[in-house]
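[1] Give me coordinates for this.
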Amino acid sequence: MRLALFQPDIPQNAGALLRLGACLGIPLDLIEPAGFLIDDRKLARAALDYAAAAELTRYSSWERYRADRPPGRLVLLTTRASTSHLDFIFQADDALLLGRESAGVPDDVRRVCDGEIRVPMRPGLRSLNVALAAALVLGEALRQTKGFPEAA
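    The predicted structure is shown next:
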């Protein structure tokens, strides 16, 4: 299981996802360009001291990511999906793709994804914060695949 951030805009969200990945043993792929400097102090502040425990791979572009990413399905989290993450059957090598906070992903990225899922929400509300959505979906994916780390 992996998390993949497509051209993130907000360093605090990327930092929170680095921390999530570190705590759960989930690698994080960051697809550039990002809307902030990767060494941005806001990113470091959000990740706290967990950044050292995180497995972060940076990709210079979408094309580079597609060429070099590990094998497995690419599953897009999007408000445009009709399938709930609760009805989706996850696989242990899935990469959960999160779009830009400001714009999601372009249609050409969406078209190559192997699946699209959404978090069910009350009608009339636009979306969850990307880090919160990732945590909800990742939790379900790890539950299904028995991928949570063992308790110490």
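
[2] Skipping its backbone neighbours, what lies nearest Leu89 in space?
    Quick fix: residue 89 reads Ile, not Leu. Leaving aside its sequence neighbours, Ile89 sits nearest to Gln144 (Cβ to Cβ, 6 or more residues apart in numbering; 7.1 Å). (C-beta placed from N, C-alpha, C; glycine too.)

[3] Can you tell me the element that neighbour falls in?
    Using DSSP states H and E, Gln144 sits in helix 130-145.

[4] export that helix as PDB, just CAs?
    What follows is helix 130-145, C-alpha atoms only, in PDB (Å, rounded to 0.1, in the frame of the first residue of the first chain):
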ATOM      1  CA  VAL A 130      -7.200  15.800   1.600                       C
ATOM      2  CA  ALA A 131      -5.200  14.500   4.600                       C
ATOM      3  CA  LEU A 132      -8.400  13.500   6.400                       C
ATOM      4  CA  ALA A 133      -9.800  11.800   3.300                       C
ATOM      5  CA  ALA A 134      -6.500   9.900   2.900                       C
ATOM      6  CA  ALA A 135      -6.600   8.800   6.600                       C
ATOM      7  CA  LEU A 136     -10.100   7.500   6.300                       C
ATOM      8  CA  VAL A 137      -9.500   5.600   3.100                       C
ATOM      9  CA  LEU A 138      -6.100   4.300   4.100                       C
ATOM     10  CA  GLY A 139      -7.600   3.000   7.300                       C
ATOM     11  CA  GLU A 140     -10.200   1.000   5.400                       C
ATOM     12  CA  ALA A 141      -7.700  -0.300   2.900                       C
ATOM     13  CA  LEU A 142      -5.300  -1.400   5.700                       C
ATOM     14  CA  ARG A 143      -8.200  -3.100   7.500                       C
ATOM     15  CA  GLN A 144      -9.200  -5.000   4.400                       C
ATOM     16  CA  THR A 145      -5.700  -6.100   3.600                       C
END
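
[5] coming back round to it: I figured the residue nearest to Ile89 was touching Asp87, is that so?
    No: applying Cβ atoms under 8 Å as the test, Gln144 and Asp87 come out as separate, 11.2 Å apart.

[6] These two: which is more packed in?
    Neighbours were counted for Gln144 and for Asp87 using other Cβ atoms under 10 Å; Gln144 has more, 16 against 9.
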